[in-house]
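whatever this is, show me its structure:
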Amino acid sequence: MSGLYDFSKNIQAFISEKKFAEALQYYKDNNEQFSKDEIANNDYIVSDIIRCLRKLNKLKEAKRYLDFLNLEINDKTSKRILESYGWVLYDQLKATFNDQFHIDEEDVITGLVDENYEGVNQIFNENDPLQDEIKTILPLLDINSKYSPFSRLFSATLKKEKKKPKPNWQFVNELLDSVDVNQLNTNCE
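Alright, predicted model coming up:
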């Protein structure tokens, strides 16, 4: 292999053909030729691998991959990685939303009538582990980019919280406060 650039281009070639599993396998077979820091400093490789993991529904592995590379989501994280990981969070949120709200109708009715009923109230009162990650990444995402997951992630987060019998209003307020209203688009579509 001639270098990191070629390594990255080969991964992108698999992705352009929608061969996400093959791209991951290629990465696994060849990444040891480079140091962890070399890979962590290449936004294209990191975001492409996160994208492959997302497309293969390996959502939790995306966070583990970032942790392995010692990459934190913060204001120094590249836009490419932020967007890739933002889409992972959006997919995770959708998955947990569907899991939470596909419970037995009888349990829902019992839970809404009896505050002490453990079944539904336990599910709805638990803090979503994604909340902290969403609060961290949302203000870092580009609000007006067509590739950014900002709008979908923001809307899905609010919808999920609104559906709960006991919404976490503190979380909603923190989420709303994290958005710079001056950057919101005023053109109605």
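
domain parsing for this protein?
The chain breaks down into these domains under automatic domain parsing: 1-71, 82-180.

the last one: end-to-end distance?
Distance across domain 82-180, first residue to last, is 17 Å (C-alpha to C-alpha, to the nearest Å).

now it: mean pLDDT?
Averaging pLDDT along domain 82-180 gives 75.

can you list the domains of the chain in JSON lines and add mean neighbour count?
C-beta coordinates here come from the backbone N, C-alpha and C atoms, glycine included. Shown next, in JSON lines, are the domains of the chain (neighbours: other C-beta atoms under 10 Å):
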{"stretch": "domain 1-71", "mean neighbour count": "16"}
{"stretch": "domain 82-180", "mean neighbour count": "15"}
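
let me see the contact set for the residue nearest the centre of the chain.
Here the mean C-alpha position of the chain is nearest to the C-alpha of residue 89 (C-alpha atoms, centre = their mean), at a distance of 1.6 Å. Each residue near residue 89 by C-beta atoms under 8 Å, 6 or more residues apart in numbering is listed here: 130, 133-134, 137, 149, 153.

nearest to residue 76, of these?
residue 137 (13.1 Å; C-beta to C-beta).

which residues does the helix or strand hosting the closest one contact?
Here residue 137 is covered by helix 130-137, with elements defined by DSSP states H and E. Helix 130-137 is contacted by residues 63, 73-74, 82, 85-86, 89, 92-93, 96, 153, 157, 168, 171, 174-175, 178 when judged by C-beta under 8 Å, 6+ apart.

chain center to it: distance?
Centroid separation between helix 130-137 and its chain, computed with C-alpha atoms, centre = their mean, to the nearest Å, is 9 Å.
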